[in-house]
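> Okay, sequence plus prediction incoming.
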Amino acid sequence: MPICSHPFDDDKLHEECGVFGAIGIQDAANFVALGLHALQHRGQEAGGIVSYTQATGFNTVRRFGYVRDNFTSAKLMETLPGALAIGHVRYSTSGAKGAQIRDVQPLFAEFAMGGCAIAHNGNITNAHALRQELIERGSIFQSGSDTECMIHLMARSIQKNIPERMKDALRRVEGAFSVVAMTRSKLIGVRDPLGVRPLMLGRIGDGWILSSETCALDIIGAEFVREIEPGEMVICTESGVESSFPFDRRPSRFCIFEHVYFSRPDSIIGGQSVYETRRRIGIELAKEAPVEADLVCPIPDSGTPAAIGYSQESGIPFAMGIVRNQYMGRTFIEPTEQIRNMGVRLKLNVNRSMIAGKRVILVDDSVVRGTTSLKIREMVLDAGAAEVHFRIASPPTTWPCFYGVDTPEREKLIAATMSEDEICKYLGVNSLRFVSLDGLYRAAGEEKGRDTRSPQYCDACFSGDYPIRPSDRISAGFVTKAAE
Ligand code: AMP
């Protein structure tokens, strides 16, 4: 008899997040707030900051909503004093009824050797099994967050200090994790052995920064030092950075979808500009799927760099045929289907005079359920487009992600149930083409064939090739063959 409900048959929160930490800078929490603001695209539902001073101990603020609405008042920021702070932005997926403030990270725990706050980006694929085991052994969980497993595992470790306990705990955790944590005197960063999610090290004055993406270093004027390596733990103190590799070393499998959509285009990943990779995907797409047309229009903002690449390669003029209301969040991130459906119209509008009578190529980064494409096709045809051609800057999304990017179950992925031609007919457009997986790899800097790719990315959402066994889902019977 299970003693806790299974995560995949209820409305439990899942996570998609950004993490940021600072040490050795006065009023570190202000820098963390700015960093989280730059990482807001990684999670818009809630955010939290923990800071530490000897005088006040650990101070925590956790809030639902945007960073700009919660962490800008001087009065509130005064409650987060100190030269050491970490923060987290998150969002929950569809139907997350009953979201609780206690699920908002950073999570905090007081151990015999002092307090520790933890913020996690990624997804633990054996969290259900761990939670069940820990509850059986007496742990009392405070939140529904999978990240809390790390804290209970740390509590059970016999190691003498927090970083060693963290290593013990993380060796039991399967899945993707980029963790930023803090003790009274240390800022700690850890990346899972495959390095699925990003984590960057930055320097500002005498201080150190850890951040999901480099764009958040830019906002505070920090210098980008390097990426935390897959499987690496760094301990930053006021006197420097110590590095260790606590896990068995394995070839890295960074998430290719970070390049396609998730990261900001002004970030650098693996030494490459995300914008440039996206522009090159557009070039590949124009080579693989040319079509005669009058205009190349991005679905803003995520389709813009690929549309620029497509236009440059094809010679067809680029135009902002669709305009985005900058005050809306990312459509997909709205938690219910009804709001998501409305969201496309609230967020995007057609530039009628530009589109009327034209053969239009629409470039988007991805098609997941097909909701956005369907609405956009309606708007563009209403505006009098003569022809509509969709070009998608990623291969068909045919498998859900279990490593921290929110995707619906397989049945809801339009490309899992329909072929390219069928999607084209369903959308009622003149043509529709996705870039190939090889084209995507070429754009991401890999010239070779799939078997010799180095590094090979995690491309499970396009290929079903899951580099980390999604144990909980398999035991719950939720995953079909490709993942087993
Ligand atoms: P859909 O309407 O379900 O086909 O979703 C596709 C749109 O959502 C695309 O325009 C993407 O820009 C965006 N998108 C794709 N994947 C994600 C994700 N995991 N989180 C948020 N937005 C996404």
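Structure received.
> In the chain, where is pLDDT below threshold?
Within the chain, the ranges that satisfy pLDDT under 70 run 1-15, 92-98, 328-343, 446-455, 478-484.
> Output the longest helix belonging to it.
Determined from DSSP state H, the single longest helix within the chain is helix 274-288.
> Which strands or helices does the very next helix or strand once past that one pack on?
Once helix 274-288 ends, the next helix or strand along the chain (criterion: DSSP states H and E) is strand 295-298. When contacts are defined as 3 or more CB pairs under 8 Å, 6 or more residues apart in numbering; DSSP states H and E, strand 295-298 packs onto helix 304-314, helix 352-355, strand 359-364. Using the backbone N, CA and C atoms, a C-beta is placed for each residue, glycine as well.
> do you know which of the ones you listed lies nearest the ligand?
strand 359-364 (4.7 Å; CB to the nearest ligand atom).
> wait, does the closest one contact the ligand?
Yes: residues of strand 359-364 contacting the ligand under CB under 6 Å from any ligand atom: Asp364.
> Identify the residues contacting that strand?
With contacts defined as CB atoms under 8 Å, 6 or more residues apart in numbering, strand 359-364 is touched by 282, 285, 291-299, 302-303, 306-307, 310, 316, 321-322, 372-373, 376-377, 380, 385-393.
> Just put the helices and strands packed on strand 295-298 in JSON lines and tack on mean neighbour count.
As requested, the helices and strands packed on strand 295-298 are exported to JSON lines (neighbours: other CB atoms under 10 Å):
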{"stretch": "helix 304-314", "mean neighbour count": "24"}
{"stretch": "helix 352-355", "mean neighbour count": "17"}
{"stretch": "strand 359-364", "mean neighbour count": "26"}
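> Pipe these into TSV and attach distance to Ile135 per row.
Listed next are the helices and strands packed on strand 295-298 as TSV, based on distance: least, CB to CB, whole Å:
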stretch	distance to Ile135
helix 304-314	46
helix 352-355	57
strand 359-364	43
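> now the longest helix of the chain, how far from the centre of its chain.
21 Å (CA atoms, centre = their mean, to the nearest Å).
> check which helix or strand covers Ile188.
Applying DSSP H and E, one finds Ile188 within strand 187-191.
> Mind listing the strands that strand pairs with, and their directions?
Strand pairing for strand 187-191, using DSSP bridges, gives strand 175-182 (antiparallel), strand 233-237 (antiparallel).
> Name the residues that touch the helix or strand just after it?
Next helix or strand after strand 187-191 toward the C-terminus (DSSP H and E): strand 200-204. Applying CB under 8 Å, 6+ apart, the set of residues contacting strand 200-204 from outside is 22, 25, 31, 189, 208-214, 217, 220-228, 234, 236, 241.
> Of the residues you listed, which belong to strands?
22, 189, 208-211, 223-227, 234, 236, 241 (DSSP state E).
> so Asp294 touches Lys358, yeah?
Yes: using CB atoms under 8 Å, Asp294 is in contact with Lys358, at 4.4 Å.
> Looking at the two, which one has more neighbours?
Ranked by neighbour count (other CB atoms under 10 Å), Asp294 and Lys358 place Lys358 first, with 20 against 17.
> can you tell me how far Glu136 sits from Arg165?
21 Å (CB to CB, to the nearest Å).
> Of the two, which one has the most company?
Arg165 (22 against 10).
> what's around the residue in the stretch 1-150 of the chain that the ligand sits nearest to, how many residues?
Residue nearest to the ligand within the stretch 1-150 of the chain (CB to the nearest ligand atom): Glu16, separated by 6.7 Å. When neighbours are defined as other CB under 10 Å, Glu16 has 25 of them.
> Please apply the same query to the one 10 residues further on.
In terms of burial, Gln26 registers 11 neighbours under the definition other CB under 10 Å.
> how about it, what does it touch?
Neighbouring residues of Gln26 by CB under 8 Å, 6+ apart: Ala83.
> for it, phi and psi?
phi -60, psi 140 (degrees, to the nearest 10).
> Which residue, other than its chain neighbours, is closest to Gly321?
Cys297 (3.4 Å; CB to CB, 6 or more residues apart in numbering).
> Who is that neighbour paired with across the strands?
Bridge pairing for Cys297 - DSSP bridges - gives Leu362.
> nearest to the ligand, of the strands paired with strand 187-191?
Using CB to the nearest ligand atom, these put strand 175-182 closest to the ligand, at 13.8 Å.
> and the protein, which residues reach the ligand?
Residues of the chain lying close to the ligand (CB under 6 Å from any ligand atom) are 261, 299, 302, 330, 332-333, 364-373, 405-407.
> And the next helix or strand past the longest strand seen in the chain?
Counting by DSSP E, the longest strand found in the chain is strand 114-124. Downstream of strand 114-124, the next assigned helix or strand under DSSP H and E is helix 127-136.
> Mind listing residues that contact the helix or strand that that next one is followed by?
Using DSSP H and E, the helix or strand that follows helix 127-136 in sequence is helix 148-156. Contacts to helix 148-156, defined as CB under 8 Å, 6+ apart, come from residues 107, 109, 111, 116, 118, 120, 124, 127, 130-131, 134, 137, 139, 141-142, 162, 165-166, 168-170, 172-173, 179.
> let's go with 7 Å and repeat that
107, 109, 111, 118, 124, 127, 130-131, 134, 139, 141-142, 165-166, 168-170, 172-173 (CB atoms under 7 Å, 6 or more residues apart in numbering).
> List buried residues within those residues.
107, 109, 118, 124, 127, 130-131, 134, 139, 165-166, 168-170, 173 (16 or more other CB atoms under 10 Å).
> related to what we said a few turns ago, include neighbour count when you put the ones in strands among the contacts of strand 200-204 into TSV, please.
Putting the ones in strands among the contacts of strand 200-204 into TSV (neighbours: other CB under 10 Å) gives the following:
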residue	neighbour count
Ala22	33
Gly189	26
Trp208	26
Ile209	30
Leu210	31
Ser211	33
Glu223	12
Phe224	16
Val225	14
Arg226	12
Glu227	19
Val234	22
Cys236	24
Val241	18
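> Identify, from these, the entry nearest to Ser471.
Gly189 (25.2 Å; CB to CB).
> Excluding sequence neighbours, find me the nearest residue to the closest one.
Nearest to Gly189 is Leu210, by CB to CB, 6+ apart, at 4.3 Å.
> residue contacts, that neighbour?
By CB under 7 Å, 6+ apart, Leu210 lies in contact with Phe20, Gly21, Val180, Leu187, Gly189, Leu199, Leu201.
> Run through the residues that contact the third one.
With contacts defined as CB under 7 Å, 6+ apart, the neighbours of Val180 are Val19, Phe20, Gly21, Ile86, Ala119, Gly189, Leu210.
> The fifth one touches Ala85, doesn't it?
No: when contacts are counted by CB atoms under 7 Å, Ala119 is not listed as touching Ala85 (10.6 Å).
> number of nearby residues for the closest residue to Ser139 other than its chain neighbours?
What sits nearest to Ser139 in space, not counting adjacent residues and going by CB to CB, 6+ apart, is His152, at 4.2 Å. Each residue near His152 was counted by other CB under 10 Å, and the total is 21.
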